[in-house]
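Chemist: Requesting a structural model of the entry that follows:
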Amino acid sequence: MRFKRIFVSLFFVAGVVLGSISLPGFAADTYPNKPIRLVVPFTPGGGTDIIARGVAQWLTKEWGQQVVVDNRPGGTTIVGTEIVAKSPADGYTLLLASISYSINPGVMKKLPYDPIKDLTAVAQTTFTPYLLAVNPSLPVRSVKELIAFAHAKPDLKLNYGSSGTGGGQHLAGELFKMQAKVPNLVHIPYRGTGPAITDLLGGHIQLMFSTILSMVEHVKAGSLRGLAVSCAKRVPSLPDLPTIGEAGVPGYEASSWNGIMAPSGVPAPIVAKLNKGINQALKSPEVRSKLEADGAQVVGGTPEEFNRLIRSDMQKWGKVASAAGLRPE
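Modeler: Here you go, the predicted structure:
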């Protein structure tokens, strides 16, 4: 009888141990078995929303489960990010993060989530370089001429617009201001990219860093003058435009990015399955062609690679924000 009780106890313990070992694999085998919510912390119709819907549609078709895009704008992406950070770690609530995820810790005094501990990287989707453009009334045709003009007229304010204080466009301008040593560059924040470009076209501001998609048609039409792109290498769609680095500010780089994140604690096999699915979606001709047509460059890669980018940008933009005098709010 005693031997039987011992045997039953050992069998129970072994079952618990084996169950705990096999559960993540089992979860990955059956995942997803219900709809997935992909939170986009921006309004519908923008570049980030386009990325989300392209990937979501492909995964829905491939996995046979609906991937629902849920737009939750507000608080410089904080509203949507908090929703995901506080969701169950089961892989059914995801975030399409942007560069704001790495910038916010340097400009916000307190976030309602821990950007290091509460979310985990799954896969980078894209990166999007900025285009530095000026109003044609500004008598410059290159980055070197812009810098020389600014130095020659130190009392003249050169106003550059952005979609808002503390965003990627703003800090791209502050990084240029510091590296090019042009202190008379003055930031003018707007409520979104559209109003800023409208004022740039009207000559109310002189220059702006914005996504290629938002300005390329104006540049082609001659209503804006493109000077350079902000990434490390030239952009295939604009081969005649140099990078800011090669045009006069060595080492300058300020591209935006997007990628999918999940709450920390999601089982590794599910993260791996998500990563594989996202990479397959990005390689598909229908998704890739759509994203590239909207000015994004497809990336993909491992969770580790995306995580390194996030951490590196937190350090980089934290230093830029501090040097620019952006006090955490």
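
Chemist: Find the nearest non-adjacent residue to Leu156, please.
Modeler: Asn184 (6.2 Å; C-beta to C-beta, 6 or more residues apart in numbering). Yep, even glycine has a C-beta here, placed from its N, CA and C like the rest.

Chemist: neighbours around the one you found, how many?
Modeler: 14 (other C-beta atoms under 10 Å).

Chemist: give me every residue that touches it.
Modeler: Applying C-beta atoms under 8 Å, 6 or more residues apart in numbering, we find Asn184 in contact with Ala150, Lys153, Pro154, Asp155, Leu156, Lys157, Leu158.

Chemist: And those residues, which is closest to Leu131?
Modeler: Leu158 (17.1 Å; C-beta to C-beta).

Chemist: Identify the residue spatially nearest to Gln169, adjacent ones excluded.
Modeler: For Gln169, the spatially nearest residue (C-beta to C-beta, 6+ apart) is Ser162, at 3.8 Å.

Chemist: I figured that neighbour was touching Glu174, is that so?
Modeler: No: assessed by C-beta atoms under 8 Å, Ser162 is found out of contact with Glu174, at 9.6 Å.

Chemist: Give the residues shared as contacts by the two.
Modeler: By C-beta under 8 Å, 6+ apart, the residues touching both Ser162 and Glu174 are His187.

Chemist: just checking, which of the contacts of Asn184 belong to helices?
Modeler: Cross-referencing these against helices under DSSP state H gives Ala150.

Chemist: Out of the contacts of Asn184, grab the one that's most surrounded.
Modeler: Neighbour-wise, the contacts of Asn184 (other C-beta under 10 Å) top out at Ala150, 21 neighbours.

Chemist: Please tell me I have it right and it contacts Val182.
Modeler: Yes: in this structure, Ala150 is within contact of Val182 by C-beta under 8 Å, at 4.1 Å.

Chemist: which SSE is Leu94 in?
Modeler: strand 93-98 (DSSP states H and E).

Chemist: quick check, distance from that strand to the centre of its chain.
Modeler: How far strand 93-98 lies from its chain's middle: 10 Å, per C-alpha atoms, centre = their mean, to the nearest Å.

Chemist: So what's the model's average confidence on it?
Modeler: What strand 93-98 shows for mean pLDDT is 97.

Chemist: Relative to it, what are the paired strands and their orientations?
Modeler: If you go by DSSP bridges, strand 93-98 pairs up with strand 36-40 (parallel), strand 256-263 (antiparallel).

Chemist: Remind me what whatever helix or strand comes next after that strand packs against, helices and strands.
Modeler: Next helix or strand after strand 93-98 toward the C-terminus (DSSP H and E): helix 100-107. Counting contacts by 3 or more C-beta pairs under 8 Å, 6 or more residues apart in numbering; DSSP states H and E, helix 100-107 packs against helix 168-179, helix 303-323.
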